[in-house]
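> Sequence unavailable; structure follows:
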């Protein structure tokens with residue numbers, strides 16, 4: 001058995017009942033269930049439809065995300081989340097670079113690295129090198145003035161934890177950001193890279209080994225094993241090429257507002273919804289959300 005979920009941007013009433021019912025009828029689905037009127041709906045069906053991706057493409061123009069996945073084991077017991085451009089709406093290193101006066105150059109490197117065009121570790125070393133001698137207190141300034149949270153994050157974490165889930169933030173960014181972001185959103189733990197600081201200034205280096213794609217996979221394996229969970233019990237979410245390993249290994253790997261080259265390699269793509277989409281994907285109705 002498979003479940004189809006339609007998700008729109010919250011509050012836009014993007015899902016028209018006629019559209020949802022037409023798709024259900026075309027795919028031979030059971031009764032339509034509204035998880036949030038106008039924002040999220042689902043139905044079960046006996047088989048994976050051959051027209052899945054062509055319909056997905058058509059629905060994109062309507063501002064709708066389409067997810068089809070096995071009905072069994074939808075609710076996950078662990079959340080493994082990227083931070084930059086996933087749980088927050090910025091790339092922290094780009095914001096630090098803007099303060100250092102090298103923003104345009106660093107933004108370009110970040111975009112290429114996240115799209116898989118550059119080696120992540122080498123690109124990180126290069127970008128951090130451009131931050132040399134930036135006062136360390138700029139980090140707190142960036143956190144206070146430049147960082148905004150992706151909508152739905154606190155509800156996502158709070159709802160999964162209230163239902164027995166464990167939440168881990170695993171970032172290719174920096175611990176100086178993850179420890180505050182994790183605390184604000186309610187994560188159980190966090191992992192990231194450490195910026196070297198000497199005499200109150202950024203040294204232009206990052207502690208080795210760098211947490212990249214392989215380290216995110218290792219985090220999934222280590223944390224799930226520690227908790228006695230299988231990979232199928234994990235929902236991972238990210239947007240960049242360095243997230244693809246964990247997205248492919250998790251029971252549900254969600255490409256959230258992801259780079260095109262990344263989304264193309266993922267079966268679950270959220271382009272219009274916010275982080276609450278991850279709750280709808282698991283079958284939670286909006287009435288079941290726990291406010292973070």
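Sure, I can see it. Nothing here was measured: the structure is a model prediction, and the numbers come from that model. Numbers count the residues shown, from 1 in each chain.
> For the rest of this, base every contact and every neighbour count on C-alpha atoms.
Noted.
> Residue 28 contacts residue 45, correct?
Yes: the pair residue 28 / residue 45 is scored as a contact, 6.2 Å apart, by CA atoms under 8 Å.
> shared neighbours, the two?
Counting by CA atoms under 8 Å, 6 or more residues apart in numbering, no residue touches both residue 28 and residue 45.
> between these two, who's got more neighbours?
The residue with more neighbours, out of residue 28 and residue 45, is residue 45; 19 against 15, by other CA atoms under 10 Å.
> That one: what's it in contact with?
Residue 45 sits next to 1, 2, 3, 4, 27, 28, 29, 30 when contact means CA under 8 Å, 6+ apart.
> ok, so of the residues you listed, who is nearest residue 276?
residue 4 (16.4 Å; CA to CA).
> Make JSON lines out of the contacts of residue 45 and add pLDDT and secondary structure.
Listed next are the contacts of residue 45 as JSON lines, based on pLDDT from 0 to 100; DSSP: H, G, I helix; E, B strand; the rest coil:
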{"residue": "1", "pLDDT": "97", "secondary structure": "coil"}
{"residue": "2", "pLDDT": "98", "secondary structure": "strand"}
{"residue": "3", "pLDDT": "98", "secondary structure": "strand"}
{"residue": "4", "pLDDT": "98", "secondary structure": "strand"}
{"residue": "27", "pLDDT": "98", "secondary structure": "coil"}
{"residue": "28", "pLDDT": "96", "secondary structure": "coil"}
{"residue": "29", "pLDDT": "97", "secondary structure": "coil"}
{"residue": "30", "pLDDT": "96", "secondary structure": "coil"}
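> Surely residue 140 is within a helix?
Yes: under DSSP: H, G, I helix; E, B strand; the rest coil, residue 140 falls within a helix.
> Next one: it relative to residue 83, how far apart?
Separation of residue 140 from residue 83 (CA to CA, to the nearest Å): 17 Å.
> now the end-to-end length of stretch 285-292.
Taking CA to CA, the first and last residues of stretch 285-292 lie 16 Å apart.
> Any idea how many residues pack against residue 223?
There are 17 residues near residue 223, going by other CA under 10 Å.
> Any stretches of the protein with poor pLDDT?
Nowhere does the chain drop to pLDDT under 70.
> Can you give me the buried ones in stretch 79-96?
The neighbour-count criterion (16 or more other CA atoms under 10 Å) identifies 79-88, 90-96 as the buried residues of stretch 79-96.
> for stretch 1-21, same thing?
Within stretch 1-21, the residues that count as buried by 16+ other CA under 10 Å are 2-10, 14-15, 20-21.
> Of these, which is the nearest to residue 203?
Set against residue 203, the nearest of the buried residues of stretch 1-21 by CA to CA is residue 9 (41.7 Å).
> Give me the spatial nearest neighbour of the closest one, chain neighbours excluded.
Nearest residue to residue 9, sequence neighbours excluded (CA to CA, 6 or more residues apart in numbering): residue 273, at 4.4 Å.
> same thing with residue 43?
Closest residue to residue 43 apart from its sequence neighbours, by CA to CA, 6+ apart: residue 32 at 4.9 Å.
> again, but for residue 27
Spatially, and ignoring its direct neighbours in sequence, residue 27 is nearest to residue 49 (6.6 Å; CA to CA, 6+ apart).
> okay, now the one you found: neighbour count?
Neighbours around residue 49, by other CA under 10 Å: 15.
> and the spatially most distant residue from the centre of the chain, how far is that from residue 131?
Relative to the centre of the chain, the most outlying C-alpha is that of residue 199, 35.0 Å out, by CA atoms, centre = their mean. To residue 131, residue 199 is 15 Å away according to CA to CA.
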